[in-house]
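>>> Structure, please.
(one chain, ligands or ions: 1)
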Amino acid sequence: MSAATVARGEILLEDASRAFSVRADRGGTLKELVLRRRAATPHGPGAIQALDGVTLRIAPGETVGIVGRNGAGKSSTLKVLAGIVPLDRGRVALGGQVVTLLELAAGFGRDFSGRENILLGGALHGLTKEQIEARMDDIIAFSELGDFIDVPVKTYSSGMYVRLGFAIAAHLDADILLIDEVLAVGDEAFQRKCEERIAAQVAAGATLVLVSHDAALVERTCARVVVLDGGKVAFDGPCLEGMPFYHRMMGTS
Ligand SMILES: Nc1ncnc2c1ncn2[C@@H]1O[C@H](COP(=O)(O)OP(=O)(O)OP(=O)(O)O)[C@@H](O)[C@H]1O
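Model prediction:
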């Protein structure tokens, strides 16, 4: 499926499957590699099926929460949408500017300062140097990092990473926002500010996909919820029906 078949802000995930090898170490001899390639499953025996035939059609401007127990496949789904994890089977397509907020620290140049990472992040999302510089003061103000903005980010705390990452993402004109749990790291005041910013982006027409264990956050932010269980979709529909389903499944109702 080519990107041309989806509208700006639209997400299509069709029959998506992805397994992971149980072995963390994927190295080995050439012979082992060849034998593994010939094996019936691409990830060897006992592989974990993180996604098992997941189909999602998300229209532009929809707000979708993805919930489920540990290991249900939530992060894998988001990583597939973000293009970080390739599929074994199925198709994925997203339309327009995709902004991801997951594993923030991984996206930064560790030896660069916060300010340099803002330039880098903006450039990676197709902004010109002038466009980024025009937004620089707003991004720094949003981050509340003060003088730390000129210090290499490898010295940052996890909360400071989130502040910088979110501040950049909040100023990128997203058509699609993919957010994974990261907000939980910030302090309460910053979380509230991020939520308000997400709401503003949604109000401006952005599509939101949010992975979270925080049921209240999902209820506040999303109109639709997808409950994953064992890599499959157990429920997909309005939050009003989906959250009671989720609580019953988790035994928290
Ligand atoms: N890179 C990887 N290598 C091996 N196994 C993986 C990898 N990524 C995910 N898995 C496995 O795939 C399954 C789904 O993982 P995933 O992180 O998508 O679940 P999740 O619903 O986000 O869980 P959690 O709520 O604990 O974050 C799990 O069994 C996990 O161990």
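>>> Could you measure from residue 218 over to residue 205?
In this view, residue 218 and residue 205 are 20 Å apart by C-beta to C-beta, to the nearest Å. No exception for glycine: its C-beta is placed from N, CA and C like everyone else's.
>>> Neighbour count: these two, which is higher?
residue 218 (23 against 12; other C-beta atoms under 10 Å).
>>> That one: which element?
helix 215-221 (DSSP states H and E).
>>> Now do stretch 134-149, average pLDDT.
Averaged across stretch 134-149, pLDDT comes to 96.
>>> in it, what's buried?
135-136, 139-140, 142-145, 148-149 (16 or more other C-beta atoms under 10 Å).
>>> mind listing what residue 7 touches?
Contacts here follow C-beta atoms under 8 Å, 6 or more residues apart in numbering; on that basis residue 7 touches 60, 95.
>>> pLDDT wise, what is it at?
At residue 7, pLDDT is 97.
>>> Quick check: it is in a strand.
No: secondary structure of residue 7 (DSSP: H, G, I helix; E, B strand; the rest coil): coil, not part of a strand.
>>> Got phi/psi on it?
phi -80, psi 160 (degrees, to the nearest 10).
>>> and the gap between it and the ligand?
Taking C-beta to the nearest ligand atom, to the nearest Å as the measure, residue 7 falls 27 Å from the ligand.
>>> do residue 179 as well
Applying C-beta to the nearest ligand atom, the value for residue 179 to the ligand is 13 Å.
>>> Sketch out the low-pLDDT regions of the chain for me.
Low-confidence segments of the chain, defined by pLDDT under 70: 1-4, 23-45, 103-106.
>>> and the next element down the chain from the strand or helix carrying residue 65?
Using DSSP H and E, residue 65 sits within strand 63-67. Toward the C-terminal end, the helix or strand that comes next after strand 63-67 (DSSP H and E) is helix 74-82.
>>> can you pull out the strands in the stretch 51-200 of the chain?
Secondary structure of the stretch 51-200 of the chain (DSSP state E, counting those that start in this stretch): strands located at 63-67, 89-94, 98-101, 176-180.
>>> who touches the third one?
I take that to be strand 98-101. So strand 98-101 is in contact with 78, 81-83, 125, 165-166, 169, 172, 174-180, 182-183, going by C-beta under 8 Å, 6+ apart.
>>> got it, and stretch 113-122?
107-109, 112, 129, 131-132, 135-136, 139-140, 143, 145, 148-153, 156, 164, 167-169, 172.
>>> now swap in stretch 207-215 and tell me
9-11, 58-67, 74-75, 77-78, 81, 102, 175-181, 183-184, 198, 201-202, 217-218, 221-222, 243, 246-247, 252.
>>> picking up where we left off before, I'd like to know if the helix holding residue 218 reaches the ligand anywhere along the stretch.
No: Helix 215-221 lies out of reach of the ligand by C-beta under 6 Å from any ligand atom, never closer than 13.0 Å.
>>> what do you get for stretch 240-253?
No: shown here: stretch 240-253 not in contact with the ligand (C-beta under 6 Å from any ligand atom), separated by at least 11.5 Å.
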